[in-house]
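In: pasted the sequence and its predicted model underneath.
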Amino acid sequence: MPAKSHLVTPGPTPVPPEVVAAMSQPMLHHRGPDFQAIAERVRTRLREVFHAAGDILLFASSGTGAMEAAVTNLCSPGDRVLVASAGHFGERWVAIARSYGLDVVHLRYAWGETPVPGEIAARLSESGGARAVYITHSETSTGVVADLRAVAERLSGSGALLVVDAVSSLGAVPLAADAWGLDVVVSGSQKALMTPPGLALSSVSASARSASRTAALPRFSLDWGRVESFGSTPAVSLVMGLDAALELLLVEGLEAAFDRHRRLGRACRAGAKAMGIDLFSPDEDRSAVVTAIRMPHGIDGRVIVRAMRERSGVTVGGGQGELAGQIVRIGHIGYIGVADVTAALAALEVALDEAGAAIERGVAVAAALEAYGERVPA
Ligand code: PMP
């Protein structure tokens, strides 16, 4: 019997059967009326998820493509931009902006820190303003979810456009593009939106759209105007899958989904703490996307991630970049339930025990279920 596998990463996440079925429908032509109607419905549903009334763009690319588009469509050569980063994905904004020769003011927080709204606003004004501020909502490499609403409040009236990487936060934790004043919000299909990787999305405010008309950085296939005039992407099957996933999400209700992710986060943290190991990500409800767990002294996280997969069929994330080997990341968004989180904790317990770590055994799963709100037999 082939080993059963459990995908418990913060993306790609498991895909519900309804989404797989929608993606298995016969092919439609991407410019034909049948598909255009589906794409329009997807955009309407996404407006609800982004809480944005303006343009919604769909790109046949990974999330990084929509990030790049949010640089090339807003900036001209030599423009100053501010990036506030606190991990691997925040630093990606810096890399993209530098590769286009922009003047990057980098407010760099150490990986694992939480950006401070007042410090971002202060750096922006010290720098004499910027064309745009780029920030990461949920820093998937560390588990930190920034207080985006407070950041947006502090930046309002600054004259800079606010661009948000919400690749792992859209549909996972609260976000309201229009009400919070977020000009561009970038996301991807493969995280809380429960669809395979390959589709990127953006909400674009009227001011951002108008800035894009004069922005002079070179761009072609990711040009917003071109993407919009195509009407939709040729990634027909992914859009059909996303349509089904958004229906599931909206029927559950965004608030109910956010509550589920919060409770799963609590469960994951409670399980790790019961085992006696330290959290790397903050022990707070906002950290509802992915829990990063610090490896005990002398234990290599890469060995643990491999053992969990080989021994228990559980795939989790390891540490990226400078955190390689130091942490293990368990995702809890999208089509992931408490049974997946407890499977991951159990697999982690086995792997750590076999690696010789001094951990408390036999308590993590019960602690997780209790924190989730399940009754645990006495
Ligand atoms: N930003 C964040 C916060 C992410 O989690 C990811 C994917 N892990 C990306 C950007 C990049 O997305 P993609 O891999 O789809 O390019």
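Out: That came through, no problem. In this text the structure is predicted, and so the values were computed from the model without any measurement.
In: give me phi/psi at the spatially most central residue of the chain?
Out: In the chain, the residue lying closest to the centroid (CA atoms, centre = their mean) is Ser168, at 0.8 Å. Here is the backbone geometry of Ser168 (degrees, to the nearest 10): phi -100, psi 10.
In: contacts only, for it.
Out: Pro10, Gly11, His137, Ser138, Thr140, Lys191, Ala192, Val289, Val290, Ile333 (CB atoms under 8 Å, 6 or more residues apart in numbering). C-beta: built from backbone N, CA, C; applies to glycine.
In: please report phi then psi for the second one.
Out: Just to be clear, that refers to Gly11. phi 130, psi 130.
In: check the fourth one too.
Out: Taking degrees, to the nearest 10, you get phi -110, psi 110 for the backbone angles of Ser138.
In: hang on, the earlier thing: redo the contacts of Ser168 as CSV? Include distance to the ligand.
Out: Shown next, in CSV, are the contacts of Ser168 (distance: CB to the nearest ligand atom, whole Å):
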residue, distance to the ligand
Pro10, 6
Gly11, 5
His137, 7
Ser138, 6
Thr140, 3
Lys191, 7
Ala192, 11
Val289, 9
Val290, 9
Ile333, 10
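In: now for those residues: which two are most distant?
Out: Maximum pairwise distance in the contacts of Ser168, criterion CB to CB, is 13.7 Å, between Gly11 and His137.
In: next secondary structure after the helix or strand harbouring Val239?
Out: Using DSSP states H and E, Val239 maps to helix 236-252. Heading C-terminal from helix 236-252, the first helix or strand you meet, by DSSP H and E, is helix 254-275.
In: list the buried residues of stretch 345-360.
Out: Leu345, Ala346, Ala347, Leu348, Glu349, Val350, Ala351, Leu352, Ala355, Ala357, Ile359 (16 or more other CB atoms under 10 Å).
In: now stretch 217-226
Out: Leu217, Arg219, Leu222, Asp223, Trp224.
In: contacts for the lowest-mean-pLDDT helix or strand in the chain, please.
Out: Lowest by mean pLDDT, DSSP states H and E among the helices and strands of the chain is helix 224-229, with a mean of 91. Helix 224-229 is contacted from outside by 55, 57-59, 69, 73, 202, 204, 209, 212-213, 220, 233, using CB under 8 Å, 6+ apart.
In: any of those residues buried? List them.
Out: Asp55, Leu57, Leu58, Phe59, Ala69, Asn73, Ser202, Val204, Arg209, Ser212, Thr233.
In: quick check: the fourth one touching Arg219?
Out: No. Phe59 lies out of contact with Arg219 (CB atoms under 8 Å); the separation is 11.8 Å.
In: and for the two, which residues touch both?
Out: Common neighbours of Phe59 and Arg219 (CB under 8 Å, 6+ apart) are Ala69.
In: mind putting the buried ones among the contacts of helix 224-229 in JSON lines, pLDDT included?
Out: Putting the buried ones among the contacts of helix 224-229 into JSON lines (pLDDT from 0 to 100) gives the following:
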{"residue": "Asp55", "pLDDT": "95"}
{"residue": "Leu57", "pLDDT": "97"}
{"residue": "Leu58", "pLDDT": "96"}
{"residue": "Phe59", "pLDDT": "95"}
{"residue": "Ala69", "pLDDT": "98"}
{"residue": "Asn73", "pLDDT": "98"}
{"residue": "Ser202", "pLDDT": "98"}
{"residue": "Val204", "pLDDT": "98"}
{"residue": "Arg209", "pLDDT": "98"}
{"residue": "Ser212", "pLDDT": "98"}
{"residue": "Thr233", "pLDDT": "78"}
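In: so what's Gly129 closest to, chain neighbours aside?
Out: Gly159 (5.6 Å; CB to CB, 6 or more residues apart in numbering).
In: kindly report the same for Pro10.
Out: Nearest to Pro10 is Gly331, by CB to CB, 6+ apart, at 3.4 Å.
In: contacts only, for the one you found.
Out: Val8, Thr9, Pro10, Gly11, Thr13, Val289, Val290, Val316, Gly317.
In: sitting in strands, which of those residues do you find?
Out: Judged by DSSP state E, those include Val290, Gly317 as members of strands.
In: neighbours of Asp103, how many?
Out: Using other CB atoms under 10 Å, Asp103 has 16 neighbouring residues.
In: contacting residues for Pro197?
Out: With CB under 8 Å, 6+ apart, Pro197 has these contacts: Gly11, Pro12, Ser62, Gly188, Ser189, Gln190.
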